[in-house]
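Chemist: the following block contains a protein sequence and its predicted model.
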Amino acid sequence: MMFHDSMANAQEKMTQVCLFLEQHHLPPTPMNYHVTYTYISKCDTALNEALDNAINDKQKVDSIFIEHLYFEYLNKGHKTETELLSNVDDVLASLSKTSNESQKHIANFAQKITTCAQDLDENNIAKSKRAITQLSQSTDTILKQHQVFKAQLKKARMMHIKSQQQLQYLRKQHIIDPQTGLYKRHFLNQQTQAWLAKDKSICAIAIHITNLHDFTQQYGDVIGEVILNRVAKKVQSYVFESGLPGRTRAQEFTVLLADIEPTTANVIAEKIRKGVEKIKFVSSKSDIELPRIQLSLGIAKRHQEQNFDELAYKAHLAAHKAYLSDQSSFSVS
């Protein structure tokens, strides 16, 4: 959940959060702080109602209860995981029950065949007819059970498709930055390790928005987020097939590239810079065009770096050097 509080409002809320934690003897853990700050901000009606009801009913508001509120109202992934596991449990239980019943009917059918074979008597037509009738009834029963089992399998297939969709959602939530739609830092680190294991050459492009802070200070946090998102989408459009773009700092993106030399990475970086420079922002209130976005870019090739953090920092330093030297980009080979 994103907050757009001014420093003064944030400090006031922090005071209220500390008072709340002290009042209920709660330790100042990140989870307790997160839930309480959301409660003080009154931006989640369901959470506020649940916590207010607990307080009014004089329930003990402890860390366990706060954790419950966090997973119930703030951690959306937990709900999906719980639903997914519940669905899988239901399907497995239903299949197990149907399978057991089918096994019993098959065993009974086998017994009926044995009995029927013993009861068939050419000298006793009536007895033979009864045996065949019983066998026919057993056949109908097992066929019906087979239809039930097929229906359960169809249900399981449908649940499998739904579970796949839920797993894709969870995976996306785990690796995608919700604010920009780019990959999270830990995913880039995992991908770097995978490429290193395959002995791939790796380059990184650091893209620093040098005047994002000025936009935020002059036009507010919301405009700052719009700028961030527009730049992120532009970066993504230029490296959609060739690299993995991620958000690595508040004002910086890093593009991870495999089997690409710094000269090619420079070409990609230049395309990104020119593309971002073309983005125009016009004030909805005054129709005045806002200042152009300014970038500094750094390109680094992996040599001795053992992980993504080291390589990204190398590219970050190159971008910072470009900024200090008033260049659009700087490459470290």
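Modeler: Perfect, thanks for sending it. Here the structure is a predicted model, which means the values were calculated and not measured. Numbering: from 1, shown residues only.

Chemist: in the stretch 51-200 of the chain, which spans are helices?
Modeler: Using DSSP state H, counting those that start in this stretch, the helices of the stretch 51-200 of the chain run over 63-69, 76-119, 125-175, 185-197.

Chemist: the longest one: how far from the chain's middle?
Modeler: Meaning helix 125-175. Put simply, helix 125-175 sits 33 Å off its chain's centre (CA atoms, centre = their mean, to the nearest Å).

Chemist: what's the angle between it and helix 185-197?
Modeler: Interaxial angle of helix 125-175 relative to helix 185-197 (axes from the mean of the first three to the mean of the last three CA atoms, to 10 degrees): 100 degrees.

Chemist: what's helix 125-175 packed up against?
Modeler: Counting contacts by 3 or more CB pairs under 8 Å, 6 or more residues apart in numbering; DSSP states H and E, helix 125-175 is packed against helix 76-119, helix 185-197. C-betas here are computed from N, CA, C, even on glycine.

Chemist: any idea how far the closest residue to residue 317 other than its chain neighbours is from residue 204?
Modeler: Once flanking residues are discounted, residue 317 sits nearest to residue 298: 6.8 Å by CB to CB, 6 or more residues apart in numbering. Distance, residue 298 to residue 204, by CB to CB, to the nearest Å: 8 Å.

Chemist: one more: residue 134?
Modeler: Going from residue 134 to residue 204 by CB to CB gives 76 Å.

Chemist: and for residue 17?
Modeler: Going from residue 17 to residue 204 by CB to CB gives 38 Å.

Chemist: same thing with residue 272?
Modeler: Residue 272 sits 13 Å away from residue 204 when distances are taken as CB to CB.

Chemist: more crowded one of those two?
Modeler: For residue 272 versus residue 204, the count of surrounding residues by other CB atoms under 10 Å is larger for residue 204: 31 against 25.

Chemist: pretty sure the more buried one contacts residue 313?
Modeler: No: Residue 204 is not in contact with residue 313 according to CB atoms under 8 Å; the separation is 9.4 Å.

Chemist: lowest-pLDDT helix or strand in this structure?
Modeler: Least confident helix or strand, the chain: helix 76-119 with a mean of 64, by mean pLDDT, DSSP states H and E.
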